[in-house]
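**Q** Need coordinates for the following:
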Amino acid sequence: QVQLVESGGGLVQAGGSLRLSCAASGRTFSFINYSMGWFRQAPGKEREFVAAISGSYGSTYYADSVKGRFTIARDNAKNTVSLQMNSLKPEDTAVYYCAATSVSRRIIDPGVYGYWGQGTQVTVSS
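**A** Coordinates of the predicted model:
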């Protein structure tokens, strides 16, 4: 069993920045063997991929809508993954979810993730 706890959401003006963090834990959980992803869901919309980072190699993937503005990173010593969000836009407003998967392929697909956090609200005002 894996527990994921997000933090760092809030209200920010357009053009501002926020940093989300996700702490992962579990009795037999080996963080380095898991790929981690960030997804978001706005009201009335489907959950969508934002960014992902693979386990051992740390390869990163981004949605086109956030490329160049968001940065995903992981700290394998602390079992944490972060999402630095810069140049925020009102359309980035959503609940952001951290997710973990033991697979290393197709990690932009929410269907491969077996563990999810409770989500953290990000609101960007215009």
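**Q** what about the residue positioned nearest the centre of the chain, which SS state?
**A** With distances taken as CA atoms, centre = their mean, residue 38 lies nearest the centre of the chain, 2.1 Å away. In three-state terms, and counting by DSSP: H, G, I helix; E, B strand; the rest coil, residue 38 is strand.
**Q** Adjust the sequence numbering to begin at 53 for everything that follows.
**A** From this message on, residue numbering opens at 53, which makes the last subject residue 90.
**Q** wait, it sits on residue 105?
**A** No: using CB atoms under 8 Å, residue 90 makes no contact with residue 105, being 9.0 Å away. Yep, even glycine has a C-beta here, placed from its N, CA and C like the rest.
**Q** Point out where this structure drops to low pLDDT.
**A** Along the chain, no part satisfies pLDDT under 70.
**Q** make it 80
**A** For the chain, the stretches with pLDDT under 80 are 108.
**Q** All the strands of it, residue numbers only.
**A** 55-59, 62-65, 70-77, 87-93, 100-105, 112-114, 122-127, 132-137, 146-153, 167-168, 172-177 (DSSP state E).
**Q** Kindly export the fourth one (C-alpha atoms) in PDB.
**A** What follows is the C-alpha trace of strand 87-93 in PDB, where atoms were taken according to Å, rounded to 0.1, in the frame of the first residue of the first chain:
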ATOM      1  CA  SER A  87       7.200   6.500 -11.600                       C
ATOM      2  CA  MET A  88       5.400   9.600 -10.300                       C
ATOM      3  CA  GLY A  89       2.900  11.800 -12.100                       C
ATOM      4  CA  TRP A  90       0.900  14.900 -11.600                       C
ATOM      5  CA  PHE A  91      -2.600  15.200 -13.000                       C
ATOM      6  CA  ARG A  92      -5.300  17.900 -12.700                       C
ATOM      7  CA  GLN A  93      -9.000  18.100 -13.000                       C
END
